[in-house]
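Asker: I'll drop the sequence and a predicted model, then ask my questions.
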Protein chains: 2
Amino acid sequence: MIGKLIKKIQKTGAPICVGLDPNLSFVPEGIKKRAFDELGETPEGAGKAIFEFNKGIVDATYDLIPAVKPQIAMYEQFGIPGLKAFKDTVDYCHEKGLLVIGDIKRGDIGNTSASYAKAHIGEIEIGSRKFSPFNENFCTVNPYLGSDGVEPFINVCKESDRGIFVLVKTSNKSSGELQDRETDGKPVYEVMAEYVDKWGSSSMEDGYSNVGAVVGATYPEIGRALRKLMPHTYILVPGYGAQGGTAEDIRDYFNKDGLGAIVNSSRGIIAAYTKEPYKDRFDGETYADAAREAVVDMIEDLRDSSLRSE
Amino acid sequence: MIGKLIKKIQKTGAPICVGLDPNLSFVPEGIKKRAFDELGETPEGAGKAIFEFNKGIVDATYDLIPAVKPQIAMYEQFGIPGLKAFKDTVDYCHEKGLLVIGDIKRGDIGNTSASYAKAHIGEIEIGSRKFSPFNENFCTVNPYLGSDGVEPFINVCKESDRGIFVLVKTSNKSSGELQDRETDGKPVYEVMAEYVDKWGSSSMEDGYSNVGAVVGATYPEIGRALRKLMPHTYILVPGYGAQGGTAEDIRDYFNKDGLGAIVNSSRGIIAAYTKEPYKDRFDGETYADAAREAVVDMIEDLRDSSLRSE
């Protein structure tokens, strides 16, 4: 699957994914009103509103980008109707030819991790039939439980040609409370990077592994060190834009081949119509056009970083 | 909420919870056949089968126990219909007066963690209305992202009178890859225990905190050390029974007041009819009776450990 992602990145020239994290506060009033008029101020109404909002974003950007990254928490908060909107979003993105990175941060042990993996990136057997419940192409995985928690995902990746991104160094302020602690002369994030490198070695494709890593844009020196420790690992980079990471910060997250990283932006794109420099020219009616312009700007912003060797 | 759990444990004399982790392979053929005859070998059929199975277990045990712990992965694996069975199970357990510990192991940052917290143990606002999508009483939380990931859950606990259990030392074999690593002269699980103790100090009730910890039964010496480090923390103990933990192993997970721990058993109870010493006397028709007998035996097995000071 990582080979497929690389080809789409090369084709679009866009090492980015759009974070489909539709907080209701980002959804224009018109969309909310139509959904609530039809279904009430209910989880069903909220689910419809966020799915309609997502469709607008996807329709306006799908030809420019390789992938999207829906954050499942923003759907799960509305219960079953919200999760239905998540599933509908995944399906719609597939229809439009986009790869989907499910930002689910699941992780458990053994058979339980395998159940999450089958649900999101594999197949589940029911009697004599098989189903792919959520059917993302990649998902994010939390490694706190060690190999027992991650390997079931890797096994499903191999069976179903999918990929994962394991949390290594997250973009948030308190990530260092655990991830930066020194152990055996190195920080925890380096220990996790060594595991990711090892786990991934059994599932390589086009020079990269189907076991990627999450490394936040907000810690550029750490990103540089991790790039070297995991030369064959694709890095999913949150924290660009709204959280403060710049193109310069993440320059060294890319390998010399111009590949090796995919940068996420969520609010910076899907809520661009409410933010500088877009908000004067766009509004709730044209939120999708603003998102398209923000994508174009982001691709341009990253061009020097990602393709510097070409 | 921890006060409510303590009262129910005292009333039942049972410091245990039943793990409602209905792998389809545990569900008797008769229940599966009825569900598949009605809804086909589909996620809907699977959802119905596991909910009917759970109802049998709950009906047979609710008067003996304070709480259940459904593992959401076993439901999520069947997609939307599976998650509906999760929600129906939570609701049914509430009807029967049981507290519900959602074993969801979620964890993200800021607003995203808050969304998970609202979904599972709080309320979400939609327009002028509020909803409790999954409505568990407690949920488990993964601390890999640090305070940014956990504190939004604690805020929701305070708003909605709920509780959480933070993963500290899990029961699985590879848990030590990260959790046992020495840092600043102590293992990571001790660092996390200090955080749990600190996080919990702002939400105390009846001498215990609404921020509990998960500590596996399979590492008794670690459990003993963690008990002392977190004197006011309720410990949720997986790994008893099927995973190898014994009553003797977890004796010191309890405080001298006979409280401070709640021990989970999943397969050992819900699949008792397939296991020694029950399988000769029970079958798929009487699986719930076997579960009841297994609960009675587990309470008896733990009596000396939990109530040793009385």
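Answerer: Nice, thanks for sending it over. Residues are numbered from 1 along each chain as shown, chains lettered A, B, ... in the order given.
Asker: who touches the most centrally placed residue in chain A in this structure?
Answerer: By C-alpha atoms, centre = their mean, chain A has its centre lying nearest to A:Lys69, at 3.5 Å. Under the criterion of C-beta atoms under 8 Å, 6 or more residues apart in numbering or on different chains, the neighbours of A:Lys69 are A:17-20, A:100-103, A:236, A:264, A:266. Bear in mind the C-beta positions are built from the backbone N, C-alpha and C, glycine included.
Asker: try A:Asp88
Answerer: Contact partners of A:Asp88, counting by C-beta under 8 Å, 6+ apart, are A:Phe51.
Asker: swap in A:Ile72?
Answerer: Contacts of A:Ile72 (C-beta under 8 Å, 6+ apart): A:83, A:86, A:102-104.
Asker: Now the two most distant members of those residues.
Answerer: Using C-beta to C-beta, the contacts of A:Ile72 reach their maximum pairwise distance at A:Leu83 and A:Asp103, which is 13.9 Å.
Asker: Which residue ranges of the stretch 151-300 of chain A form strands?
Answerer: Ranges of strands in the stretch 151-300 of chain A, per DSSP state E, counting those that start in this stretch, are A:163-169, A:182-183, A:186-187, A:204-205, A:208-209, A:211-215, A:235-237, A:261-265.
Asker: what helices or strands is the longest one leaning on?
Answerer: With contacts defined as 3 or more C-beta pairs under 8 Å, 6 or more residues apart in numbering or on different chains; DSSP states H and E, strand A:163-169 has these neighbours: strand A:138-141, helix A:147-160, helix A:188-200, strand A:211-215, helix A:220-229.
Asker: In a markdown table, list those along with distance to B:Gly40, mean neighbour count and mean pLDDT.
Answerer: Converted to a markdown table, these look like this (distance: least, C-beta to C-beta, whole Å; neighbours: other C-beta atoms under 10 Å in any protein chain shown; pLDDT from 0 to 100):
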| stretch | distance to B:Gly40 | mean neighbour count | mean pLDDT |
| --- | --- | --- | --- |
| strand A:138-141 | 27 | 28 | 98 |
| helix A:147-160 | 23 | 21 | 96 |
| helix A:188-200 | 37 | 22 | 97 |
| strand A:211-215 | 36 | 29 | 98 |
| helix A:220-229 | 47 | 18 | 97 |
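Asker: now the ones you listed as a markdown table including distance to B:Asn137?
Answerer: A markdown table is the format used below for these (distance: least, C-beta to C-beta, whole Å):
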| stretch | distance to B:Asn137 |
| --- | --- |
| strand A:138-141 | 27 |
| helix A:147-160 | 25 |
| helix A:188-200 | 32 |
| strand A:211-215 | 31 |
| helix A:220-229 | 38 |
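Asker: And these: which comes nearest B:Lys158?
Answerer: Judged by C-beta to C-beta, the one of these that comes nearest to B:Lys158 is strand A:138-141, at 28.3 Å.
Asker: Packing partners of the closest one?
Answerer: Using 3+ C-beta pairs under 8 Å, 6+ apart, strand A:138-141 sits against strand A:99-106, helix A:110-121, helix A:147-160, strand A:163-169.
Asker: Give the partner strands of it in its sheet and their orientations.
Answerer: With DSSP bridges as the test, strand A:138-141 is paired with strand A:99-106 (parallel), strand A:163-169 (parallel).
Asker: From the chain's centre, how far out is it? Work that out for me.
Answerer: Remark: strand A:138-141 is offset 8 Å from the chain centroid, using C-alpha atoms, centre = their mean, to the nearest Å.
Asker: what do you get for stretch A:213-231?
Answerer: 16 Å.
Asker: Quick one: end-to-end distance for it.
Answerer: For stretch A:213-231, the first-to-last residue distance is 11 Å (C-alpha to C-alpha, to the nearest Å).
Asker: cool, stretch A:94-110 as well?
Answerer: 29 Å.
Asker: Please point out which parts of it sit buried.
Answerer: Going by neighbour count (16 or more other C-beta atoms under 10 Å in any protein chain shown), the buried part of stretch A:94-110 is A:98-110.
Asker: For chain B, state which of those residues is nearest.
Answerer: Among the buried residues of stretch A:94-110, A:Ile109 lies closest to chain B (C-beta to the nearest C-beta), at 4.2 Å.
Asker: contacting residues for the residue lying closest to the closest one once chain neighbours are set aside?
Answerer: Distances taken as C-beta to C-beta, 6 or more residues apart in numbering or on different chains place B:Asn172 nearest to A:Ile109, at 4.2 Å, with adjacent residues excluded. Under the criterion of C-beta under 8 Å, 6+ apart, the contact list for B:Asn172 reads A:109-110, A:145-146, A:148-149, B:216, B:218.
Asker: Specify which member of these is nearest to A:Lys33.
Answerer: A:Gly149 (43.2 Å).
Asker: Low-confidence regions, chain A specifically.
Answerer: Low-confidence segments of chain A, defined by pLDDT under 70: A:306-310.
Asker: Pretty sure A:Gln179 sits against B:Pro143.
Answerer: No: contact criterion C-beta atoms under 8 Å: A:Gln179 and B:Pro143 do not qualify, at 10.8 Å.
Asker: re the thing from before, switch the strands paired with strand A:138-141 over to TSV; also include distance to B:Phe36.
Answerer: Shown next, in TSV, are the strands paired with strand A:138-141 (distance: least, C-beta to C-beta, whole Å):
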stretch	distance to B:Phe36
strand A:99-106	28
strand A:163-169	32
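Asker: Would you tell me which of those strands gets closest to A:Ala119?
Answerer: strand A:99-106 (8.6 Å).
Asker: Show me what that closest one is in contact with.
Answerer: A:1, A:4-5, A:8, A:17, A:19, A:21, A:66-72, A:90, A:93-94, A:113, A:116, A:120-121, A:134-142, A:165, A:167, A:236, B:73, B:105-108, B:142.
Asker: If any of these are buried, give me the PyMOL selection for them.
Answerer: Only the buried entries of these go into this PyMOL selection, using 16+ other C-beta under 10 Å:
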select buried, (chain A and resi 1+4+5+8+17+19+21+66+67+68+69+70+71+72+90+93+113+116+120+121+134+135+136+137+138+139+140+141+142+165+167+236) or (chain B and resi 73+105+106+107+108+142)
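Asker: returning to what we had before: between the buried residues of stretch A:94-110, which sits nearest B:Asp304?
Answerer: Looking across the buried residues of stretch A:94-110 and measuring by C-beta to C-beta, the closest to B:Asp304 is A:Ile109, at 28.8 Å.
Asker: For the closest residue in space to A:His232 that isn't next to it in sequence, name its beta-bridge partners.
Answerer: Leaving aside its chain neighbours, A:His232 sits nearest to A:Ser209 (5.1 Å; criterion: C-beta to C-beta, 6+ apart). For A:Ser209, the beta-bridge partners under DSSP bridges are A:Met204.
Asker: before we move on, the earlier item: just send the buried residues of stretch A:94-110 back as a markdown table, with distance to B:Leu226 too.
Answerer: Below are these laid out as a markdown table (distance: C-beta to C-beta, whole Å):
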| residue | distance to B:Leu226 |
| --- | --- |
| A:Leu98 | 45 |
| A:Leu99 | 42 |
| A:Val100 | 39 |
| A:Ile101 | 36 |
| A:Gly102 | 33 |
| A:Asp103 | 31 |
| A:Ile104 | 29 |
| A:Lys105 | 25 |
| A:Arg106 | 25 |
| A:Gly107 | 21 |
| A:Asp108 | 20 |
| A:Ile109 | 19 |
| A:Gly110 | 23 |
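Asker: where does A:Lys11 fall, phi/psi-wise?
Answerer: When quoted as degrees, to the nearest 10, the phi and psi of A:Lys11 stand at phi -70, psi -40.
Asker: you'd agree it is up against A:Pro66?
Answerer: Yes: between A:Lys11 and A:Pro66 there is a contact at 7.5 Å, judged by C-beta under 8 Å.
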